[in-house]
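In: Using only what follows, build the 3D model:
(chains A and B, ligands or ions: 1)
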Amino acid sequence: MDTLLIEKHVKYIQSLGENTDDLMYHMTAHLRLNAIYWGLTALCIMGRPDALVKEDVIEFVMSCWDDDEGAFGAHPGHDAHILPTLSAIQILTIYDALDRADTKRIVTWVAARQNPTGSFSGDQWGETDTRFAYIAVQALELLGRLDAIDKDKAVAHINRCKNFDGGFGATEGAESHAGQIFVCTAALAILDRLEDIDQPTLAWWLAERQLPNGGLNGRPEKLEDVCYSFWVLSALSILHKLKWIDSEALVKFILSAQDPDGGGVADRPGDMVDVFHTCFGICGLSLLGYPGVHEINPIYCLPADVTRKKGLHMDYEVLGKDET
Amino acid sequence: MEFLNPEPPYVLFRDRPEWSDVTPIAQDDGPTPLAPILYSDKYKDATSYFRAIYVAKEYSPRVLDLTLEIIKQNASHYTVWQYRYRTLLALNSPLTQELHLLSKLLPTHLKSYQAWNHRRLLLLQLGKKSARGELAFAEIALAKDAKNYHTWVYREWLLCNFFAPAPAITTSPAAGEDAEPAIEELDEDGGADEEVWREEVVFTDRMLEDDVRNNSVWHHRFFVLFEGPRAKQSPDVAESEIEYTKHKIALAPNNASSWNYLRGILSHTRTPLPLLLPFARPYTLPQSAQSSLRAFADPGELPFLPGEKAQLPCVAALEFVADALAEEGKPEAGGVYDELVQRDPVRKQFWEYRKRSLQSASAPVGAQA
Ligand SMILES: [Zn+2]
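Out: Numbering: from 1, shown residues only, chains lettered A, B, ... in the order given. You can find the predicted model right below:
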């Protein structure tokens, strides 16, 4: 497999909503809105945004609205949570349909997730995680209301999650982890505070994640994975250090994780595909300058043309594009 | 052969007499065909009853049966977890019992954010008296998966939330008046808390004896000794940790985690890298050079030399030596970066960059190697 099987992947994503007699479909209801966002983003990057019916998607998104809380659940009848709320905002942003949502209430709800320490919770039950800080910051930025939170406190909390190896963890005291590093780096990029990062140490730690088979892992001594490859790549792209990894080897690794028959991308070659790894595999190829795919903006993980139109942060690196 | 199976057969909720007063609500999949429904009868049955009690806002003992059943089938259903927690509080249920139940469930759901968060919420209610037992529970969970991120985060949360000097790092539950602030007992017994952190170091010893490459343990040890709320910034600690790490590196030289830990101590204590050049250098030489090194070594240095089975030269050591030489402004660092290009080709661009920045940094003294 030495090419990206765009047609197969488009069909695979289109088919996801069809096999609803599959138990897995129901077991993953708590990720439904996220899954639609992953599918739609992958389609945009493959140049096929129309492969889903826009009106249907928007209607489904709106049916996940939790009117008691004023934010989105993952599926109709699920409680509001910050994860599906960002997915809903991202989908509506891609479709230029934010006017369909009660953005005022969303802003209030998201801002209320900030704790006195500056950290963010995912819902009213309080689990905190730097992922939620990123999600809140991105959601508010997309709604043009970053002023609704205490930005300095948010930055201070992210900085308290920084480790001696330059990376970031999920909470204070937690181990560095590529996913958490991505969310902290991207959040600091949106908050214009990238100078708070120990960039040489962090970029070195990120470069160390590449394994001889070309794939990247999320922590030392762990297995390579397509999604971790993307978290590492995104952070390196924001730090303008993409050239430190062997892109040819990584492209090969991602392509080898495709399912040549049914379409889709898996976490690593030979495993079952899913829409999450399909999205991040394709987005990874985009950052690596793979020909024929559209540009992803890694700060938001949204198509670059969408973020450009909205005048959002665009300071990142894509291989093959002229950079000074 | 029923007697071989002590589990009673599963009864669907629609066949349970105590649920006959409830009309189940089938899943509403929204207006679009993106999400129509047809799934496992068992799961469909239970979630239909859940939707009914959710709408009716029922908080009763049978809700605990129902939510437990759904959680067993799908531990990621966060709405069900939250509803269960609300029900426990509404019923004033004994939370230690819930904790025991969760102890049985968690080992099969170690990757569920929701399960761990449920446990955290319980602990916030139960308070410090239950927290020590939780450190033991976390160790049992780590025996199942020694690198599980949630387990480590939970352990670090316990330490900071219950055994740190006030003000503790709290993950404010924001659950309104229901949630007791669980930190009021803090600092009554600072000495006992100190002991908990000392035991934590012994715990990481145990974990590293099992697997010296487990980065989570190295990270945790650094947190406990250098960064955490009861870290002592004493040169003695740094010195003994450097010795400790040298031993661990001798045991398994090609281990990024231990080398990173060593660098972490050096940078935390602002100790120059070149101080450890005599230790690192032997690891940059091939195995064939080792016997003569051993022959001429000071007896005190022998335990820190690479073993006979070590795969040498070791990339992490080459990197350490190159960076140490660079720190001293020595042009021979360039040659070591060249060797790294050979031995670690996947990071070729990175090593070449390091070599270039070396030249520009030392340009004023004319060291154009
Ligand atoms: Zn993955």
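In: what residues are up against B:Val346?
Out: Counting by Cβ atoms under 8 Å, 6 or more residues apart in numbering or on different chains, B:Val346 touches A:210-212, A:214, A:245-246, A:249. Quick note: C-beta positions are derived from backbone N, CA and C, even for glycine.
In: Quick check: closest non-adjacent residue to it.
Out: Distances taken as Cβ to Cβ, 6 or more residues apart in numbering or on different chains place A:Asp246 nearest to B:Val346, at 4.7 Å, with adjacent residues excluded.
In: Quick check: the one you found touching B:Phe350?
Out: No - look at A:Asp246 against B:Phe350 with Cβ atoms under 8 Å: they stay out of range, at 9.5 Å.
In: Tell me which of these two has more neighbours.
Out: Higher neighbour count among A:Asp246 and B:Phe350: B:Phe350, with 25 against 20, using other Cβ atoms under 10 Å in any protein chain shown.
In: Identify the residue nearest that one in space, chain neighbours excluded?
Out: Leaving aside its sequence neighbours, B:Phe350 sits nearest to A:Trp244 (Cβ to Cβ, 6+ apart; 4.2 Å).
In: check contacts around B:Gln311.
Out: B:253-254.
In: quick one: secondary structure of it?
Out: coil (DSSP: H, G, I helix; E, B strand; the rest coil).
In: how near is it to B:Gln287?
Out: 8 Å (Cβ to Cβ, to the nearest Å).
In: burial count for B:Gln73?
Out: Counted with other Cβ under 10 Å, B:Gln73 comes out at 17.
In: Not counting residues beside it along the chain, what's closest to it?
Out: Setting aside the residues directly before and after it, B:Gln73 is nearest to B:Tyr43 in space (Cβ to Cβ, 6+ apart), at 5.3 Å.
In: would the one you found count as being in a helix?
Out: Yes - counting by three-state DSSP, B:Tyr43 is located in a helix.
In: picking that back up, for PyMOL, what selects the buried ones among the contacts of B:Val346?
Out: Selection of buried members from the contacts of B:Val346 for PyMOL, criterion 16 or more other Cβ atoms under 10 Å in any protein chain shown:
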select buried, chain A and resi 210+211+214+245+246+249
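In: quick check, the lengthiest helix in chain B touching chain A?
Out: Ordering each helix of chain B by length in residues (DSSP state H) puts helix B:190-210 first. No - Helix B:190-210 does not reach chain A (Cβ under 8 Å from any Cβ of the partner chain); its nearest approach is 11.3 Å.
In: in the stretch 1-150 of chain A, what spans have low per-residue confidence?
Out: For the stretch 1-150 of chain A, the stretches with pLDDT under 70 are A:19-27.
In: Chain B contacts on that one?
Out: A:17, A:20-23, A:25-27, A:29-32, A:36, A:56-57, A:59-60, A:63-64, A:73, A:75-79, A:81, A:115-117, A:119, A:121, A:123-128.
In: neighbours around the nearest residue to A:Cys283 once chain neighbours are set aside, how many?
Out: Nearest non-adjacent residue to A:Cys283, counting by Cβ to Cβ, 6+ apart: A:Ile296, 4.5 Å away. By other Cβ under 10 Å, the residues close to A:Ile296 number 30.
In: ok, A:Ile296 touching A:Thr307?
Out: No - applying Cβ under 8 Å as the test, A:Ile296 and A:Thr307 come out as separate, 9.4 Å apart.
In: so what pLDDT did whichever residue of chain B sits closest to the ion get?
Out: Using Cβ to the ion, B:Lys111 is the residue of chain B that sits closest to the ion, at 11.9 Å. On the pLDDT scale, B:Lys111 is placed at 90.
In: how much space between it and B:Leu159?
Out: Distance of B:Lys111 to B:Leu159, computed by Cβ to Cβ: 22 Å.
In: Between those two, point out the one with more neighbours.
Out: Neighbours per residue (other Cβ under 10 Å) separate B:Lys111 from B:Leu159, with B:Leu159 holding more: 26 against 14.
In: The more buried one belongs to a helix, doesn't it?
Out: Yes - B:Leu159 forms part of a helix when assessed by three-state DSSP.
In: so what's it up against?
Out: Here B:Leu159 is in contact with A:173, B:135, B:196-197, B:200, B:224, B:228 (criterion: Cβ under 8 Å, 6+ apart).
In: Now rank those by neighbours and give me the top one.
Out: A:Gly173 leads those on contacts (other Cβ under 10 Å) with 26 neighbours.
In: And A:Ala170, how close does it get to A:Ala154?
Out: As judged by Cβ to Cβ, A:Ala170 and A:Ala154 stand 15 Å apart.
In: what does A:Ser237 give?
Out: 22 Å.
In: One more: A:Thr171?
Out: Where A:Ala154 is concerned, A:Thr171 sits at a distance of 14 Å (Cβ to Cβ).
In: Between those two, point out the one with more neighbours.
Out: Taking other Cβ under 10 Å, A:Thr171 and A:Ala154 do not tie; A:Ala154 has more neighbours (25 against 22).
In: number of nearby residues for the residue nearest to B:Gln73?
Out: As a burial measure, B:Tyr43 scores 17 neighbours (other Cβ under 10 Å).
In: quick one: pLDDT of it?
Out: Looking at B:Tyr43, the pLDDT reads 88.
In: Please give the number of neighbouring residues around B:Asp41.
Out: 9.
In: cool, B:Glu195 as well?
Out: If you count neighbours by other Cβ under 10 Å, B:Glu195 ends up with 12.
In: Where do the helices of the stretch 251-369 of chain B begin and end?
Out: Along the stretch 251-369 of chain B, the segments classed as helices by DSSP state H, counting those that start in this stretch run B:256-268, B:277-280, B:290-296, B:315-327, B:333-343, B:348-361.
In: Of all the residues in chain A, which one is nearest chain B?
Out: Proximity of chain A to chain B (Cβ to the nearest Cβ) peaks at A:Ser63, 3.4 Å away.
In: That residue touches A:Pro76, doesn't it?
Out: Yes - contact criterion Cβ under 8 Å: A:Ser63 and A:Pro76 qualify, at 4.8 Å.
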